[in-house]
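In: Just the structure for this:
(one chain, ligands or ions: 2)
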Amino acid sequence: MPRLRTSAEWIIYFRANNAAWEHIPWERGAEISLDAVLPLLRSLQAWQLGETSEARRLKAAARRHAEATGDLDFITAMDLFILEEQRHGESIGRWLDAVGAERIRRDWGDSLFRLFRHARPDIEVWTTVVVVIEVLAVVYYSSVRRAIPSPLLKAVCGQILRDEIPHLEFQSERLARIYRGRSAWRMRLTSAIQHALFAGITLVVWMAHRRMFVAGGHSFATYWRQASQQMRLARLRMRTETTRRATTQRELKAEPPSRLEGWLH
Ligand SMILES: [Fe+2]
Ligand SMILES: [Fe+2]
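Out: Ligands and ions are numbered 1, 2, ... in the order given. Predicted coordinates:
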């Protein structure tokens, strides 16, 4: 199990990744008609809206956390992370433009999330929710790749998937830092809350995006299984150094491949 990376290391990673973004063949156009994607359009439009958020409240929570812990580089690392998410939103938006669909400004899922943001969650709650959403994003974008036969969209989703796996690591490692020194019973409580959040969000996302998951070849059972498997990996990464023993290595090895290759076909 690799050690936790510092915020400075994450800044280097995000800058390098930004420079290495794959060429997206925009000149090809969507190569699919609007009619052909109509049944799946609403899902993609809603997801795109979610990715474009300015994330002012998340940034504010990151700043409070950075100042409280003295890890000021975390502010920049979080800014770069958010930029990458916005780039995902922009790329999906450009694809919607190419196919002739509009970019929406309102959606019930987004409004629900807005309510959550207004509750001023602290960085731990934020990060936990973001981890669950990242887990589901991986399942979602790999479904989009299978559901919509547009080479351009496949290229966009491929790049997004390449970014999302490190995102999961970035957020999970932050939780590992936050959990440092937490007593065993508090960790059990934390883990119970995390399971409940995962179950709740995973259900809501299934209800909102069922069509896309089904078109991507999923049943509820396979969707749940993939999301749970990815969440389990994220949980292994949330362990603090003291609990990152050899067993963790074995557990990671025992997990079926969840790396990128698995998501890209
Ligand atoms: Fe994203
Ligand atoms: Fe992400």
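In: Is any residue of stretch 33-53 near ligand 2?
Out: No. Stretch 33-53 lies apart from ligand 2 when judged by Cβ under 5 Å from the ion; the minimum separation is 8.2 Å. Quick note: C-beta positions are derived from backbone N, CA and C, even for glycine.
In: Report the mean confidence score over that stretch.
Out: The predicted model assigns stretch 33-53 a mean pLDDT of 93.
In: Likewise for stretch 100-114?
Out: pLDDT averaged over stretch 100-114 gives 86.
In: 10 is where my numbering starts, stick with that
Out: In the new count, where the first residue is 10, that last one comes out as stretch 109-123.
In: From residue 214, how far off is residue 221?
Out: Between residue 221 and residue 214 the computed distance is 10 Å (Cβ to Cβ, to the nearest Å).
In: tell me, what's touching those two both at once?
Out: Listed as contacting both residue 221 and residue 214 by Cβ atoms under 8 Å, 6 or more residues apart in numbering are residue 149.
In: Where does pLDDT dip in the stretch 60-209 of the chain?
Out: Within the stretch 60-209 of the chain, no stretch falls below the threshold (pLDDT under 70).
In: If we look just around ligand 1, which residues of it are in range?
Out: Residues of the stretch 60-209 of the chain lying near ligand 1 by Cβ under 5 Å from the ion: 94, 97.
In: Could you pick out the residues of the stretch 60-209 of the chain near ligand 2 for me?
Out: So the stretch 60-209 of the chain meets ligand 2 at 143, 173, 176 (Cβ under 5 Å from the ion).
In: which among the residues you listed gets closest to residue 19?
Out: residue 176 (10.4 Å; Cβ to Cβ).
In: what about the residue in the stretch 60-209 of the chain that ligand 1 sits nearest to, which helix or strand?
Out: Relative to ligand 1, the nearest point of the stretch 60-209 of the chain is residue 97 (3.8 Å; Cβ to the ion). Per DSSP states H and E: residue 97 is located in helix 82-108.
In: Give me the distance from that helix to the chain's centre.
Out: Relative to its chain's centre, helix 82-108 lies at 12 Å (Cα atoms, centre = their mean, to the nearest Å).
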